[in-house]
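>>> With the input below, show me the fold.
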Amino acid sequence: MPQDIVLLTAIAMLITNGAGLWVSLRVAGAKSDNSTGQPLTDRKTLVSRLPLIVGNLVVLTSISLFALHHFREIFHWETPLWHVAALQLLWISFADDFVFYFYHRFLHLNRFAYKHIHRIHHRAHAPVPIEYIYVHPLEWVGGSSGPVLGFLALYLLHGELSAWVFLAYSIYRPVHELSIHSGRKSRLRARIGAFATPQHHGFHHSRPNDGNYAATYVLWDRLLGTEVTEETPHAQSG
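Next up, the predicted model:
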């Protein structure tokens, strides 16, 4: 059973990102629902970016599976109580986004980091879903620290990790990233209010240095004064 965590994670990553690429190729060049209404990345441009996208996915998947194989014995396959699983998933997403907010903000406010690392991602002014991983390799390495710290805290607390919770988050995270880079409105999440939406992240791409640094919860942007909406005056976009 320990080896199953490696196989199932590989399948989950392949299916989610494969579906994301297929959708991206279909919607490339379509009109975005985001703030500017500008067309999404066109297919020719997307194809030219595929070497970096696919390369990142191959390296990210390989490192993830190698680490899982090495630490596979810490996972258990007992079905967790639903509320325990829900709380653990909530904690991991909370820790993930907390770390990501400050890391992402640093990539914008530090001129060297923005110019040499994060600016690559912002070549996509109205991205298609798979462009969530159109980034400098160092960017996704740093961006992976949030969930790692979240799972590490659970391991230190319980001495083991639920394979089911890990698999659930392994599916949720890329699906969420694909969603917020889709350029499509999400009325459900907008009604909930606490969650970042494709519109929220779309403002960030169209006005990259103004704010909206969180990816999952708008809480951080609201508390720290970096939320951007249609009413927010332009600050330092460029």
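>>> Let me see the ranges of the helices in this structure.
Along the chain, counting by DSSP state H, helices occupy 4-27, 43-70, 82-109, 111-116, 137-143, 145-158, 163-180, 187-192, 198-206, 219-223.
>>> Residues touching the fifth one, excluding its own?
Pointing back at helix 137-143 there. Helix 137-143 is contacted from outside by 55-56, 59-60, 100, 103-104, 107, 117-118, 120-121, 133, 135, using CB atoms under 8 Å, 6 or more residues apart in numbering. No exception for glycine: its C-beta is placed from N, CA and C like everyone else's.
>>> tell me, what residue is most central in the protein?
By CA atoms, centre = their mean, the chain has its centre lying nearest to residue 177, at 3.7 Å.
>>> got a list of contacts for stretch 156-172?
4-5, 8-9, 12-13, 16, 74-80, 85, 88-89, 92-93, 147, 151, 154-155.
>>> Could you tell me the end-to-end distance of that stretch?
Stretch 156-172 has an end-to-end distance of 23 Å (CA to CA, to the nearest Å).
>>> Quick one: distance of that stretch to the chain centre.
Taking CA atoms, centre = their mean, to the nearest Å, the mean C-alpha location of stretch 156-172 is offset from the chain mean by 18 Å.
>>> ok now do the residue nearest to the centre of the chain, which residues does it touch?
By CB under 8 Å, 6+ apart, the contact set of residue 177 is 129, 132-133, 215.
>>> re earlier: need the helices of the chain in CSV (columns: distance to residue 229 and mean pLDDT).
Output for the helices of the chain, formatted as CSV (distance: least, CB to CB, whole Å; pLDDT from 0 to 100):
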stretch, distance to residue 229, mean pLDDT
helix 4-27, 25, 91
helix 43-70, 28, 93
helix 82-109, 17, 96
helix 111-116, 23, 95
helix 137-143, 24, 92
helix 145-158, 25, 95
helix 163-180, 16, 93
helix 187-192, 12, 54
helix 198-206, 7, 83
helix 219-223, 10, 91
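>>> The ones you listed: which one's closest to residue 231?
helix 198-206 (11.0 Å; CB to CB).
>>> Can I get that closest one in PDB, CA atoms only?
Taking Å, rounded to 0.1, in the frame of the first residue of the first chain, the C-alpha atoms of helix 198-206 are listed here in PDB:
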ATOM      1  CA  PRO A 198     -10.500  34.100 -11.300                       C
ATOM      2  CA  GLN A 199     -11.600  37.700 -11.400                       C
ATOM      3  CA  HIS A 200      -9.500  38.500  -8.300                       C
ATOM      4  CA  HIS A 201      -6.400  36.900  -9.900                       C
ATOM      5  CA  GLY A 202      -7.300  38.400 -13.300                       C
ATOM      6  CA  PHE A 203      -7.000  41.900 -11.800                       C
ATOM      7  CA  HIS A 204      -3.500  40.800 -10.600                       C
ATOM      8  CA  HIS A 205      -2.400  39.800 -14.100                       C
ATOM      9  CA  SER A 206      -3.900  42.900 -15.800                       C
END
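>>> Which neighbouring elements make contact with it?
Under the contact criterion of 3 or more CB pairs under 8 Å, 6 or more residues apart in numbering; DSSP states H and E, helix 198-206 touches helix 163-180.
>>> quick one, the helix it packs on and helix 198-206 angle?
Relative orientation of helix 163-180 with respect to helix 198-206: 60 degrees, computed using axes from the mean of the first three to the mean of the last three CA atoms, to 10 degrees.
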